[in-house]
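Chemist: what follows is a protein structure lacking sequence information:
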């Protein structure tokens, strides 16, 4: 069976040069998406480079299964939020258009454009176009204006557009990239990197479907999964991903009042049944996904309506009881407001909750906030503050730097109440309710991304560019490793043994971890959580105490490292690096950590 060829489009924004590279051999080693992103950063971003300088890259990574089980684009760059390698996922249809345009190995942006620009891609036609008229606009306005222009120019209304909002233009460290209304590469400041390159938007249209080696077998596998995985469809199609929040409050695994409490009666206002009955509009799904887990909802009544938003655990959980907002209805306004500004709801909610607690304790005053009365649950005050963050106005100029930098700049004892370890805000999750979730947060080398995103299985999913919400049903239907091997053969022509697949997964996780170590990451020093989780007891709804034991945490952390095939210190072993043909990382690792 002939193997697929993978082609990467590289655009040097400084010179305007465009090149197409055959990256088939690299894809065979690092799979795609997050794995290829880690390798790109290792090869192309100098150690110590400023994340907002032209030395950084912005890589839109695709994988061999993009469009079959979700349409994930994994965006990679050195993160301004942490100062280390960063990664962020965006679902939707942008990846499909890139593949149909002939760039199934992804899109790589290097350098910096001389003026505000957007990238135009239609099949083989690639241009850097002027975007001065789009600069300063909110996300939806930019996307709609660009689609209208392209429809008028080409009589084609099928372009897919990704854009940044004002936050990305102002280099806010937790700015994201928006696509098709409710898809976002929100995490780790990818929008700030895009803004630093003077790129407002990317518009893509492809008309040439790929020729997979065995499409009939792919259809057979998909049909089996659609049938046997229908329970997941029934659950997520009705509720979307906001359903998990109420359950997590009862399990004491969802944050309340910047992690000061384990329960508050306000938690009962987070009710997915009310959201469904009063606000749900329709269901939407990504390419070839049978679930349709996107559940847009509309608040029709003034003063906060009409407002349309798509509420998920990640964009709602960090607000909600964590800033004492009463339920979903007000968040239909708040989350869409941040989406328009181009801010990461999850990370910015952590910044706001930190400021709210500091205001509660008298460490920050109303004068510092330029008149904002930042009391718990004050929606108007929250909106005023996030707009200052997006435009770097007043105190927002400090807060726009995120929780890695802003607490030390603010001082006055505020540092104690910033819920972060590596710079990514810990917002929706409450680690004291589950020591396993505490470990899952702590051991992600790039920063505290929730949902076990530092584990080999999730990393492999991000490299395949398969939707992470399908990991469990795919495992139930096929077995996880067997799923990947079975799907990759007809999709790519690769005839993988179980050991071949295991080596690919090792390369992905080792590449990202080595990248972070080269930039100063020390696992045993940095894979920690704030002291609050070990020193302050909270109580659940039924009065049961919840607190982390530090010795138990450290013991489970070491056990987790070993389960990832790392040393007890969280370092990839030399012998495995050599086995995987990754000797090239060893000199840089030795320079950073010495022999191991």
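Modeler: Nice, I can see it. Just so you know, these numbers come straight off a predicted model, no measurement behind them.
Chemist: what residues go with each domain of this structure?
Modeler: Using automatic domain parsing, the domain parsing of the chain gives 7-205, 242-417, 434-465+497-593.
Chemist: would a markdown table of those domains with mean neighbour count be doable?
Modeler: Every C-beta, even on glycine, is put in place using the N, C-alpha and C of the backbone. Supplementary listing: these in a markdown table, determined by neighbours: other Cβ atoms under 10 Å:
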| stretch | mean neighbour count |
| --- | --- |
| domain 7-205 | 22 |
| domain 242-417 | 20 |
| domain 434-465+497-593 | 18 |
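Chemist: would you single out the least confident of those?
Modeler: Across these, the stretch with the lowest average pLDDT is domain 242-417; it has a mean of 93.
Chemist: chain center to that domain: distance?
Modeler: Here domain 242-417 is found 17 Å from its chain centre; the criterion is Cα atoms, centre = their mean, to the nearest Å.
Chemist: contacts only, for the residue positioned nearest the centre of the chain.
Modeler: In the chain, the residue lying closest to the centroid (Cα atoms, centre = their mean) is residue 88, at 3.2 Å. By Cβ atoms under 8 Å, 6 or more residues apart in numbering, residue 88 lies in contact with 74-76, 176-177, 185-188, 190.
Chemist: each with direction, which strands does the helix or strand harbouring it pair with?
Modeler: Secondary structure assignment for residue 88, by DSSP states H and E: strand 85-90. In the sheet, strand 85-90 lines up against strand 73-78 (antiparallel) (DSSP bridges).
Chemist: I'd like the distance from the partner strand to the chain centre, please.
Modeler: Distance of strand 73-78 from the chain centroid (Cα atoms, centre = their mean) equals 9 Å.
Chemist: and the residue nearest to residue 171 when sequence neighbours are not counted, which helix or strand is it part of?
Modeler: Leaving aside its chain neighbours, residue 171 sits nearest to residue 192 (4.8 Å; criterion: Cβ to Cβ, 6 or more residues apart in numbering). Per DSSP H and E: residue 192 is located in helix 190-196.
Chemist: sorry, back to before: nearest to residue 236, of the domains of the chain?
Modeler: With Cβ to Cβ, the closest approach to residue 236 among the domains of the chain belongs to domain 242-417: 4.1 Å.
Chemist: what's the first-to-last distance across that closest one?
Modeler: For domain 242-417, the first-to-last residue distance is 27 Å (Cα to Cα, to the nearest Å).
Chemist: list the contacts of residue 14.
Modeler: 54, 110-114.
Chemist: continuing past the helix or strand that contains residue 35, what's the next helix or strand?
Modeler: In this structure, residue 35 sits in helix 33-44 according to DSSP H and E. The element immediately downstream of helix 33-44 (helix or strand, assigned by DSSP H and E) is strand 58-61.
Chemist: could you say what helices and strands that following strand packs with?
Modeler: Other helices and strands packing on strand 58-61, by 3 or more Cβ pairs under 8 Å, 6 or more residues apart in numbering; DSSP states H and E, are helix 33-44, strand 73-78, helix 94-100, strand 106-110, helix 190-196.
Chemist: what angle separates the longest one from strand 106-110?
Modeler: When you say that, I think you mean helix 33-44. 30 degrees (axes from the mean of the first three to the mean of the last three Cα atoms, to 10 degrees).
Chemist: kind regards, and thank you for your time.
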